[in-house]
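J.: let's see this in three dimensions:
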Amino acid sequence: MKQYRNYLLMFSAALALVFAACQKENQIDPINPDTNDTVPTVDTIPADPARALTGLFSVSESGQVRFAQGNLQYVNGEWCNAQQQYDFLSIFSDQAWDHFGWSTNTTNFGMRTSDSDNNYAGEYVEWGRVFGNNSPWRTLTAVEWVYLRYMRPDAYSLCGTGTIRMADGSAVAGCFFLPDNWVLPEGCTFNPTLGTLHTDYSHNVYSVADGSWAAMQDAGAVFLPAAGSRRGYAINDVGTHGRYWAAPSDSYYIYYLYFTGRSIDCTNTFGPSYGNCVRLVVDND
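T.: So this is what the prediction gives:
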């Protein structure tokens, strides 16, 4: 198993909820400073909105977005979007981040390893600003995640859990969102039925090797890997749980998209010290 191989929301009844140059915080220490741990080679793509995925997703009655090609990452001093939708880091290094604590003006976009919520105080700072104050990239709000999951036309048929199989035989579990005007590619199937267990990602399986995943992605499918969450230096629940931050809306609480093989919801059960993933979007103007 490669060290940094990319492996493996309804919502409460009423949802009441620097920067040109981003530098690593001085408080961050290597996970194992006395070892020879090295930073992985991570494929990246530019933060150009033109490189956003093609699918259009309604996140309100009047707004649509396109998703970034991959999860937000900070690698070797540079911010990027991962090359592939299924890419994520399964082991922590102080030089390679994609599980971020709550982003504030005191935490450098959440790049802290403290497990105390008190250390994440401050005004929220939009993750999209890692690419500049005028960057078009942004994080969906909790209200938008809920609309996407539950309220857009045919919402329940356009979301499900499943697996992408790599060419080397490994597999990445996660959650699929399909675009508004979804057309199923020839030779592919999609089942919005969720699994019966947290670990059940068996209903939708696509392959890199046979081209079925490429066909789904070309048709606009978005895949969020079940990358777990980070607590301190440890990344837990990889392959079973996915947690993706939501930008604050009109509530005191901090929300995130949460899924397992049998559920997809927006919740606020974890505090700001937990390291969750971020998938940015760009508005469709």
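
J.: now the strands for the stretch 51-200 of the chain?
T.: 57-58, 64-67, 72-75, 78-82, 96-97, 137-138, 159-165, 171-177 (DSSP state E, counting those that start in this stretch).

J.: go through those and name the closest to R262.
T.: strand 159-165 (7.7 Å; C-beta to C-beta). Quick note: C-beta positions are derived from backbone N, CA and C, even for glycine.

J.: that closest one packs against which elements?
T.: strand 171-177, strand 205-207 (3 or more C-beta pairs under 8 Å, 6 or more residues apart in numbering; DSSP states H and E).

J.: pick the most deeply packed of the ones you listed.
T.: Here the criterion is mean neighbour count by mean count of other C-beta atoms under 10 Å, and of the helices and strands packed on strand 159-165 the winner is strand 171-177, at a mean of 24.

J.: list of residues touching it?
T.: Residues outside strand 171-177 that contact it (C-beta atoms under 8 Å, 6 or more residues apart in numbering) are 6-8, 57, 67, 86, 148, 158-166, 190, 201, 204, 216, 221-226, 239-240, 242, 259, 261, 264.

J.: if we go to 6 Å?
T.: Identification of contacts with strand 171-177 by C-beta atoms under 6 Å, 6 or more residues apart in numbering yields 8, 86, 159-165, 201, 221-226, 239, 242, 259, 264.

J.: again with stretch 237-251
T.: By C-beta under 6 Å, 6+ apart, stretch 237-251 touches 8, 16-17, 90, 124, 139-143, 145, 173, 175, 198-199, 224, 226, 228-229, 255-260, 276-279.

J.: now for N284: which residues touch it?
T.: With contacts defined as C-beta under 6 Å, 6+ apart, N284 is in contact with L56, Q64.

J.: how far away is it from R66?
T.: 6 Å (C-beta to C-beta, to the nearest Å).

J.: show me the shaky parts of the stretch 101-250 of the chain.
T.: Counting by pLDDT under 70, the stretch 101-250 of the chain shows low-confidence ranges at 250.

J.: residues touching the closest residue to T189 other than its chain neighbours, list them.
T.: Nearest non-adjacent residue to T189, counting by C-beta to C-beta, 6 or more residues apart in numbering: N204, 7.6 Å away. For N204, the contacting residues are G160, G162, F190, N191, by C-beta under 6 Å, 6+ apart.

J.: so what's the residue count around the nearest residue to the first one once chain neighbours are set aside?
T.: This means G160. Nearest residue to G160, sequence neighbours excluded (C-beta to C-beta, 6+ apart): P192, at 4.3 Å. For P192, the count of nearby residues is 17 (other C-beta atoms under 10 Å).

J.: and P192, how far from C175?
T.: When distance is defined by C-beta to C-beta, P192 is 11 Å away from C175.

J.: which neighbours do these two share?
T.: Here P192 and C175 share no contacting residue, scored by C-beta under 6 Å, 6+ apart.
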